[in-house]
Structure formats: structure tokens, C-alpha cells
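1. Need a 3D model of the following:
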Amino acid sequence: MISIIVPTYNEKENIIDFLDKTNTQLDLAGIKAEIIVVDDNSPDGTADLIEDYKKLHNNVVLARREKKKGLSSACVYGFNLSNSEILGVMDSDLSHAPQALPYLINPLLYNLCDITIGSRYISGGRILNWPIRRYIVSRTAGFLGSTLTTVKDVTSGFFFFKRKVIEGVAIDPIGFKICLEILIKGNYQTAIEVPYTFSDRATGKSKMGIKEILLYLQHLRRLYRYKANPHKDLRNRI
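-> The predicted structure is shown next:
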């Protein structure tokens, strides 16, 4: 089984379209997967829409959390709910193209690698409809994390991996960038990047702001310290 973890907060304008398009692509590719939506008590009624949707789609699971605890902790929550051997994360605003799912999942099914990352910054990858400020912030964030890993898109939030990658690993990310945490701390041999087209959300409000930028810098500091002395990190082992 494959589990796709989808954190949500105030995504009522996107969530049903996302679920429909994701299930369509999974069906076309013949991939059996569950979609675990972790909702942080969205005041706009996102969870209620999912509750109705899953009555007709038994591969959709809804996990409600009482407070807004953040994207990364929602992902860890979803990992712990799942029993699948392959786990993935994607956004619910359709910025992560469902059409890319087979290209991210199949290399893991065929044991060609341990991690796949949807990449905007390798040949074939691109970004649509981003304001120049967002692009500059993203590229700067990538540059700051570039010495931690050879992966080009270090801030990607669209990725899949085998469960064994995080077994016994202390996953304790700050902010949004859980993929980078897994790349630095995970137990794996091979990670590959898969190009895809990132398209900025058409509806709803972006969660990116000054707070998230500051959290990313704090997260980077922690990861650089971890890489210098990995044996000290004993928190939140999965």
C-alpha cells in the first residue's frame, strides 16, 4: 500500500478538485493508494467537505487535529497513522501536479531508489505563475541549504520515500520543510529528483510569510548542527 499525506488548513476552495484529480491520476496509472488528509481544525469547513467526499471514496482517510500545529507535524502525524511501506507528501492546492504521481511512485515500486523528489530546479522542471519575490525567496532558501545535500530542489514539498528511510530516525522539523529533514537524517542509499511543473495556487491564500522564512532559517541551523554531530539527536524517533 502507498499512503499520500496531505496536510490542510483552510483549503475548502481546492480540496475536492485536488482529491478528484489525484484519484483520477492514480486510477489511470493503476496505482492503489490511500490519501490521508490531516486537517488542523480549518475554520472554513475543509474537514466537513472531506468527510462527505470520503463516504464515496474509501481510499480517503481524514484525520482531524484540534489545533493548528503546522505542516511538518501534520506530515509526521500522517506517517504514524499509516502502515504503508511507501509514504508521500503533497499539497492540496494543486501546486503539486497529480500528473507527476506515477513518475514519483513507480521508481520506488520497482526498487530503483529509496526517495523520489518532485523537482522544480532540474532540467524539465519549471514554475508557473509565481511572483518574482516568491521565486527569489525559494532560490535563496535553496542556496542556503545546498551544502547539506546534492539534491537541487532542497525546499521541495512534493516527495515519496520508503518507510524504512525514517524508521528509528528522530524526525523533528521546524516549519514547512520536512523533505529536507528526511534527506539529512534518513536511512537511504539513493534519492532521485523527478522534474515537474509547479503551478502557484489558483484559489485560496498562501501560507508562506515572514514567520515561515524565520522558521526555515532556524531549521537550517538545527540541521547543520545535526550534520556535525548526528548522534546527539534523540528526539521523536519514529
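
2. all helices of the protein, in order?
-> With DSSP state H as the criterion, the chain has helices at 15-29, 46-53, 71-81, 101-109, 132-145, 178-185, 210-228.

3. Centre-most residue in the protein?
-> In the chain, the residue lying closest to the centroid (CA atoms, centre = their mean) is Val89, at 3.2 Å.

4. pretty sure that residue contacts Ile166?
-> No. If you go by CB atoms under 8 Å, Val89 and Ile166 don't touch, sitting 11.7 Å apart. No exception for glycine: its C-beta is placed from N, CA and C like everyone else's.

5. can you tell me which residues contact Arg163?
-> Residues counted as contacts of Arg163 (CB atoms under 8 Å, 6 or more residues apart in numbering) are 79, 84-87.

6. Run a quick neighbour tally on Leu87.
-> Residues near Leu87, counting by other CB atoms under 10 Å, number 23.

7. I meant to write Thr197 there.
-> Neighbours of Thr197 using other CB under 10 Å come to 16.

8. Hmm, Ala97 and it touching each other?
-> Yes. Applying CB under 8 Å as the test, Thr197 and Ala97 come out as touching, 5.9 Å apart.

9. Just read off the phi/psi values of the closest residue to Tyr224 other than its chain neighbours.
-> In this structure, Tyr224 finds its nearest non-sequential neighbour in Leu148, 7.0 Å apart by CB to CB, 6 or more residues apart in numbering. Leu148 has phi and psi values of phi -80, psi -30 when expressed as degrees, to the nearest 10.

10. Please name the residues that touch Leu148.
-> By CB under 8 Å, 6+ apart, the residues touching Leu148 are 154, 180, 183-184, 220, 223-224, 227.

11. Please report how far it lies from Pro7.
-> In this view, Leu148 and Pro7 are 23 Å apart by CB to CB, to the nearest Å.

12. what bits of this structure have low per-residue confidence?
-> Low-confidence segments of the chain (pLDDT under 70): 201-209, 231-238.

13. count of neighbours near Arg133?
-> Counted with other CB under 10 Å, Arg133 comes out at 9.

14. related to what we said a few turns ago, okay, the residue nearest to Tyr224 and Trp130: tell me how far apart.
-> Per CB to CB, Leu148 is found 24 Å from Trp130.

15. With Tyr9 instead?
-> Relative to Trp130, and taking CB to CB, Tyr9 is found at 21 Å.

16. quick one, which of the two is more surrounded?
-> Tyr9 (22 against 16).

17. Does the more buried one touch Pro43 like I think?
-> No. Using CB under 8 Å, Tyr9 is not in contact with Pro43, being 9.0 Å away.

18. which one of the helices of the chain lies closest to Ile122?
-> Of all the helices of the chain, it is helix 132-145 that lies closest to Ile122, at 11.7 Å by CB to CB.

19. which of the residues in stretch 38-46 are buried?
-> Buried positions in stretch 38-46, judged by neighbour count with 16 or more other CB atoms under 10 Å: 38-40, 42, 46.

20. How about stretch 216-228?
-> For stretch 216-228, burial by neighbour count (16+ other CB under 10 Å) applies to 216, 219-220, 222-223, 226.

21. which outside residues touch that stretch?
-> If you take CB under 8 Å, 6+ apart as the criterion, stretch 216-228 is touched by 141, 144-145, 148, 155, 173-177, 180-181, 184-185, 232-233.

22. Just the buried residues of those.
-> Among the contacts of stretch 216-228, those classed as buried by 16+ other CB under 10 Å are 141, 145, 148, 155, 173-177, 180-181, 184-185, 233.

23. Give me whichever of the helices of the chain is most buried.
-> Compared across the helices of the chain, helix 178-185 shows the largest average neighbour count, a mean of 24 (mean count of other CB atoms under 10 Å).

24. Sounds good, over and out.
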